[in-house]
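[1] Could you look at this predicted model? Sequence included:
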Amino acid sequence: MPNKAELFIKEHLKKNLSDAKPGDTVKVYLKIKEKDKDKIQVFEGLVLARKHGKGITSTITVRRVIAGVGVEKIFPLHSPIIDKIEIKKRSKVRRAKLYYLRTAKGKKSRLKRKDFIEAIGEPVAVESEALLNKPEETAPEINQPTEAPSTQ
């Protein structure tokens with residue numbers, strides 16, 4: 001039988017979260033309240049880490065370079081101030097925490113891009129077999145001149 005804390009947590013979990021992973025370039029839409037107005041502010045950057053599992057305490061660390069200065073923000077995923085998280089680009093990474101990108105310069109700071117298709121809010125990796133099994137299109141035949149041009 002669930003206790004009161006578990007019921008409270010279950011009630012506040014968000015159901016439509018995108019699966020942001022380290023190496024993803026994301027746009028985080030934040031609800032900002034100024035005086036009596038509500039507005040949405042966007043923070044776009046690279047996800048360096050995801051921590052604390054999939055529960056209510058889960059967070060992502062997003063890094064962005066603004067005017068030559070690196071800015072990192074930690075976003076609690078189930079916070080009510082987060083409107084949505086949109087994945088712009090996926091990169092192939094071999095580590096769970098990309099903290100080395102803080103000091104990396106030049107080629108060492110580049111990540112290889114991984115293709116994905118947006119399907120019902122969930123990014124899905126493109127399967128190479130589906131691309132290979134496409135029937136090849138035949139090029140239309142071009143009419144060749146039957147006579148050689150005469151030179152006079």
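    It's in.
[2] Bridged to Arg113, which residues?
    Going by DSSP bridges, Arg113 is paired in beta bridges with Ser91.
[3] Tell me how many other residues surround it.
    Per other C-beta atoms under 10 Å, the neighbour tally for Arg113 reads 12. (Glycine included, C-beta is placed from N, CA and C.)
[4] Please name the residues that touch it.
    Lys89, Arg90, Ser91, Lys92 (C-beta atoms under 8 Å, 6 or more residues apart in numbering).
[5] Repeat that for Val65.
    Taking C-beta under 8 Å, 6+ apart, one finds Val71 in contact with Val65.
[6] would you turn the contacts of Arg113 into TSV with neighbour count?
    Converted to TSV, those look like this (neighbours: other C-beta atoms under 10 Å):
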residue	neighbour count
Lys89	15
Arg90	19
Ser91	17
Lys92	9
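[7] which among these gets closest to Lys14?
    Within the contacts of Arg113, proximity to Lys14 (C-beta to C-beta) peaks at Arg90, which comes in at 21.1 Å.
[8] I'm done for today, thanks for sticking with me.
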